[in-house]
Every structure is written in C-alpha cells, then in structure tokens.
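1. Build me a model:
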Amino acid sequence: MVVDKAGNPVAGAFIACNLVKEISDAHGHFLLEKVPPSRYGVFADSSSVRVMHPEYVEAEIRFTNILAGKTNEVHIILDKGVLLRGTLTDADTGLPIKHLSVNVSPNPMTEQRYYPQSNERGAYEIRVPAGQFNLSPSLPHGSTAAEFNYYPRH
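-> Numbers count the residues shown, from 1 in each chain. Next up, the predicted model:
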C-alpha cells in the first residue's frame, strides 16, 4: 500500500521492481506479480522497489523480508517534499541548455541524489525532501564546465 505521511492512500503511484511495473489504485493498493526471485529466493536482495508520483518525492526502497512465492503486504510512505525547479542557460549567450541532467545532492551528503533533466527550454523540476541541496550540471563524460559555460553563482 502506498500512503502519504498522514496515512492517506496515494492513487496513481508508479511502482517498479526489475521489469515488473504497477500503478497504485484509488486506495493506494498495488500488486507486483511475477517478480523474478534472486538466487536466494528473496527478490529484494538484488533489487529495489522504485515508487514515483509527480506530487511526491521519488522513493527507492529495499525490502529484506519479501519471499518469492508468498503474498507480502508492505506500506510505502511518500513525502510531499518541495518542488525544486530551475532553468539551465548558457552563461554567455543566455540560450537554454537542453537535455542536460542536474546533479541535486543533499547537503550534508546522504545516499539519495536526484538527477532531473532539462527539457527543450532548459527547464527542469523535481520533488525533493525539504533541506539544503547543492546543484550542478551533470556534464557528459570527458567534458569540462568551461565547454558548457558553467559558472556557479555564489
């Protein structure tokens, strides 16, 4: 079951584990069937469950007590967080920078990072937990910030 922090069901959440995908119903319920088990018979030791909804922070959850061939009930709690949005533009020309990922890293650093991608207008948005974040473009391998005219503002 997918719920918000107040315990209200979250309808329309996208749940994925390996190649198995499902959408939560009006009551927050979902059923992941035919998830391939790992070699130990527990699907979660080699996979995680990703839960996405446009109004909530994306969640990635690992379960350690889900056994293959059994029906297991789990509660996934989603956080509304805050909507972070911005626009990537070339510092020299002012033109939008299209299709570039932004590295959104919590400060202080934790495991979870976010990578929204800019659209045709250079705009990006993502829901993140409330807190402080460092933002920087995720430059293509082998590129330098100077090639993208990236000058962080302080």
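2. Tell me how far the most centrally placed residue in the chain lies from residue 114.
-> Closest residue to the average C-alpha location of the chain: residue 58 at 3.9 Å, with Cα atoms, centre = their mean. Distance, residue 58 to residue 114, using Cβ to Cβ, to the nearest Å: 7 Å. In this view, the C-beta of every residue, glycine as well, is placed from N, C-alpha and C.
3. Which neighbours do those two have in common?
-> Common contact partners of residue 58 and residue 114 (Cβ atoms under 8 Å, 6 or more residues apart in numbering): residue 126.
4. Count the residues that sit near residue 72.
-> 12 (other Cβ atoms under 10 Å).
5. can you tell me how far it sits from residue 3?
-> From residue 72 over to residue 3 the distance is 17 Å, taken as Cβ to Cβ.
6. For the helix or strand bottoming out on mean pLDDT in the chain, what is the distance to the chain centroid?
-> Using mean pLDDT, DSSP states H and E, strand 133-138 stands out as the lowest-scoring helix or strand of the chain, at a mean of 82. Distance of strand 133-138 from its chain centroid, counting by Cα atoms, centre = their mean, to the nearest Å, is 15 Å.
7. Just checking: what are the partner strands of that strand?
-> Strand 133-138 has its sheet partners listed here by DSSP bridges as strand 101-106 (antiparallel).
8. if we can go back for a sec, what distance do you get for the residue nearest to the centre of the chain to residue 124?
-> For residue 58 relative to residue 124 (Cβ to Cβ), the value is 14 Å.
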